[in-house]
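Novice: Below: sequence and its predicted model.
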Amino acid sequence: MSDAIMPAQALLVLEDGRTFRGASYGAQGTALGEAVFTTGMTGYQETLTDPSYARQLIVQTAPHIGNTGVNAADNESSKIWAAGYVVRDAARRPSNWRSEGSLDDELSSQGVVGISGVDTRAITRHLRERGAMKAGIFSGADADRTPAELLAEVLAQPSMEGLQLAEEVSVKEAYVVEPSAHGWEGEPLFSIAALDLGIKAMTPQRFAERGVRVHVLPATTTFEEAAALNPDGVFLSNGPGDPATANRQVGFVRSFLDAGVPYFGICFGNQILGRALGYGTYKLRYGHRGINQPVMDRSTGKVEITSQNHGFAVDAPLDGPTQAPEERFGRVEVSHISLNDQVVEGLSCLDIPAFSVQYHPEAAAGPHDAAYLFDRFIALMSATKNAQTEESK
Ligand SMILES: NC(=O)CC[C@H](N)C(=O)O
């Protein structure tokens, strides 16, 4: 090969000094973030554009990435949020009828630094044993610096624990997703206030398809501003960063729970409900990321295969129901658990209309086993509305 077509070299440097050498993929330069692995065999575009991956370097365990290219329809937000990308074998040529370009070009044009040709199995085993950790990808001229310099740069970044990122990735202006834009005929059944902490495009769409009008609101919206919309329900989305930092949103949720407005949360929204009820959250060693994560719905005993992307979890008692530490909210049950490691995957309140899950029922990408949760929220809004109508008679 001539020099002209030899890809530039790239290095992945982990915080414990382990280094992997590969080729530059996407943009050249430096990418810093927390190295995490995802086991999804499909959906790399949805993964890269999921805002929950902000400040993370994604390691794909699927060995061949980029083979179906990229297209406008599969974006889950306005851009790639992942800080960097680590793949084994990058497709040299995309081949799919929906493809509008190559992933390599997309990463380059968005300035996302990646590395290919590395042993992603070895990296994954390392992260599984040692835990998600600070890391850096260095390519082109940036890879020529001394190993000590590169490691120092990796170590100088803040760790994911204690990072507040949701307000950074959230929309600045509110917008509305109308049911009529997603095939719903007739008047909307309900309207909800959805706090965007890093929301994926498919989430409001799943509501809208079911006749729910969604007011997507910036993460800093106050209770008073959202309550002025007179919503039938309140929803908190997925999002990046440490839930222990989301004090503003915890206060927002508590006010809505006090007002008796039905609540549903996904992922970050589950952690925030947990905190609003008085539970703590903690960091998992390497998290759950992928689209084949088994979860049991304890109310039915059914197992769902779910889409997940979380590094933190709620610390709530598995034997339940138990009284919420914030006693005014009554009894709480851990409604769903991970069948891989018994981590809390869902919360359900028995005395107030609120529930949430740690995984992704919007499933983009992923299996649709958990779509019933959107219907469960609609049923909860219906029941709450009927009870209020009865009361006012
Ligand atoms: N997808 C999410 O909402 C992730 C929530 C949180 N940032 C975590 O890593 O656990």
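Specialist: Looks like it came in fine.

Novice: In terms of secondary structure, what does the helix or strand where S24 lies contact?
Specialist: Secondary-structure assignment from DSSP states H and E places S24 in strand 19-26. Judged by 3 or more CB pairs under 8 Å, 6 or more residues apart in numbering; DSSP states H and E, the packing partners of strand 19-26 are strand 9-14, helix 103-109, strand 113-116. The way it works is simple: take the backbone N, C-alpha and C, and place the C-beta from them, glycine included.

Novice: which parts of the stretch 51-200 of the chain sit against the ligand?
Specialist: S52 (CB under 6 Å from any ligand atom).

Novice: May I have the residues that are in contact with S338?
Specialist: By CB atoms under 8 Å, 6 or more residues apart in numbering, the contact list for S338 reads H288, Q293, P294, V295, E345.

Novice: Tell me what it is bridged to.
Specialist: V295 (DSSP bridges).

Novice: Okay, now the unreliable bits of this protein?
Specialist: Filtered on pLDDT under 70, the chain yields the residue ranges 1-5.

Novice: Now the residue nearest to R93 when sequence neighbours are not counted. Its backbone dihedrals?
Specialist: For R93, ignoring the flanking residues on the chain, the nearest one in space by CB to CB, 6 or more residues apart in numbering is S102 at 7.5 Å. Per-residue torsions, S102: phi -100, psi 150 (degrees, to the nearest 10).

Novice: Equivalent analysis for L380, please.
Specialist: Dihedral angles phi and psi of L380 (degrees, to the nearest 10) take the values phi -70, psi -40.

Novice: Can you verify I199 is assigned to a strand?
Specialist: No - the assignment for I199 is coil, going by DSSP: H, G, I helix; E, B strand; the rest coil, so no strand is present there.

Novice: got a winner among the contacts of S338 for most neighbours?
Specialist: With neighbours taken as other CB atoms under 10 Å, the top of the contacts of S338 is E345, carrying 29 neighbours.

Novice: State the helix or strand in which it lies.
Specialist: Taking DSSP H and E as the criterion, E345 maps to strand 344-349.

Novice: Packing partners of that strand?
Specialist: If you count contacts as 3+ CB pairs under 8 Å, 6+ apart, strand 344-349 packs onto helix 268-276, strand 280-297, strand 302-315, strand 331-338, strand 354-357.

Novice: Buried residues in the third one, which are they?
Specialist: When burial is assessed from 16 or more other CB atoms under 10 Å, strand 302-315 yields the following buried residues: E304, I305, T306, S307, Q308, N309, H310, G311, F312, A313, V314.

Novice: Which secondary structure elements does the next helix or strand after that strand sit against?
Specialist: Counting by DSSP H and E, the next helix or strand C-terminal to strand 302-315 is strand 322-323. Packing partners of strand 322-323 (3+ CB pairs under 8 Å, 6+ apart): strand 331-338.

Novice: What angle do strand 344-349 and the strand it packs on make with each other?
Specialist: Here strand 331-338 points in a direction 160 degrees away from that of strand 344-349 (axes from the mean of the first three to the mean of the last three CA atoms, to 10 degrees).

Novice: Next up, the contacts around the closest residue to A82 other than its chain neighbours.
Specialist: Nearest residue to A82, sequence neighbours excluded (CB to CB, 6+ apart): Y53, at 4.4 Å. Applying CB under 8 Å, 6+ apart to Y53 gives the contacts V36, T47, W81, A82, A83, P240, N309.
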